[in-house]
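Participant: predicted model and sequence below, questions to follow.
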Amino acid sequence: MPFHLQKAITDRRGIFSNLSVLAFTHFHPDHFDGYLLDVFKEKNPNVSIITPSTLQRVKDIDCNGIDICPITTTHIGKCKSIFHNSFLLNGAYDSYFVAGDGLIDEHTAESIAKKSNKPIKAIFLNTFHLINKDTTKFISVIKPGSIFLVHMPFEVDDIYLLRKQTESILKRTRIKAEILFPMSEILT
Ligand SMILES: [Zn+2]
């Protein structure tokens, strides 16, 4: 993560100024950095932190009227043994679902239905969900208003050309999704 972005988060500037919860789906290094989290906690002791290790103690968390509900999911691909949570964010009128790197299928849709019967306004997936057949079943049950693709690398880090690959997969799949580029590009 570029330094100016790390600093914007730690100093809670710009779009991060109202940050009240940091929620981590799992401990892979492209999602979690223990050192940066310690720096953040030092400066922001009042911000709630949700990690896979606190989740054993914490259940759903009320964050300014939005319930943050962890939904246990299996990590997609080879890392099935790592503990992983996706998150359902329940607002007053609708909900959002953040898959992280979690495999999403009909069982995930059932777990969501147990937590909320509100319409799912948007779901946040990554490129690998697009090529997993279970995702289509999940989407047909959930019927999200929008699908956003996150987990895109910064342009300088995109050594596997994931952005190009994602665009070409999107042309071939029936899934209608929009790519969200990394935060520093949104902020500049
Ligand atoms: Zn991962």
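Facilitator: All right, it came through fine. Residues are numbered from 1 along each chain as shown.
Participant: what does this structure have sitting close to the ion?
Facilitator: The chain has residues His28, Asp101 near the ion, with proximity defined as C-beta under 5 Å from the ion. For the C-beta atoms, the positions are set from N, CA and C on the backbone; glycine is no exception.
Participant: shaky segments in the chain?
Facilitator: Applying pLDDT under 70 to the chain flags residues 55-60, 183-188.
Participant: mind listing the strands for it?
Facilitator: 21-23, 48-50, 61-63, 66-72, 85-90, 95-98, 120-125, 146-149, 178-179 (DSSP state E).
Participant: can you put the ones you listed in CSV and add mean neighbour count?
Facilitator: CSV is the format used below for these (neighbours: other C-beta atoms under 10 Å):
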stretch, mean neighbour count
strand 21-23, 17
strand 48-50, 16
strand 61-63, 14
strand 66-72, 19
strand 85-90, 22
strand 95-98, 22
strand 120-125, 21
strand 146-149, 17
strand 178-179, 12
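Participant: with distance to Ser111 as extra columns, can I get these in TSV?
Facilitator: Converted to TSV, the strands of the chain look like this (distance: least, C-beta to C-beta, whole Å):
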stretch	distance to Ser111
strand 21-23	17
strand 48-50	17
strand 61-63	17
strand 66-72	5
strand 85-90	8
strand 95-98	10
strand 120-125	13
strand 146-149	19
strand 178-179	25
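Participant: those: which one's closest to Asp157?
Facilitator: Smallest distance to Asp157 across the strands of the chain (C-beta to C-beta): 15.6 Å, for strand 178-179.
Participant: that closest one pairs with which strands?
Facilitator: Looking at strand 178-179 with DSSP bridges, its partner strands are strand 146-149 (parallel).
Participant: I'd like to know which of the strands of the chain is closest to Asp158.
Facilitator: With C-beta to C-beta, the closest approach to Asp158 among the strands of the chain belongs to strand 178-179: 12.3 Å.
Participant: ok, and what's touching the closest one?
Facilitator: Ser146, Ile147, Phe148, Leu149, Met152, Arg163, Thr166, Glu167, Leu170 (C-beta atoms under 8 Å, 6 or more residues apart in numbering).
Participant: among the residues you listed, which one lies nearest to Asn18?
Facilitator: The closest of the contacts of strand 178-179, once distances to Asn18 are taken by C-beta to C-beta, is Phe148, at 20.4 Å.
Participant: so what's the closest one up against?
Facilitator: Residues in contact with Phe148 (C-beta under 8 Å, 6+ apart) are Ala122, Ile123, Phe124, Leu125, Ala177, Glu178, Ile179, Leu180.
Participant: for it, list each beta-bridge partner.
Facilitator: Taking DSSP bridges as the rule, Phe148 bridges to Phe124, Glu178.
Participant: so which of the strands of the chain gets nearest Val156?
Facilitator: strand 178-179 (17.3 Å).
Participant: how distant is the closest one from the center of its chain?
Facilitator: How far strand 178-179 lies from its chain's middle: 14 Å, per C-alpha atoms, centre = their mean, to the nearest Å.
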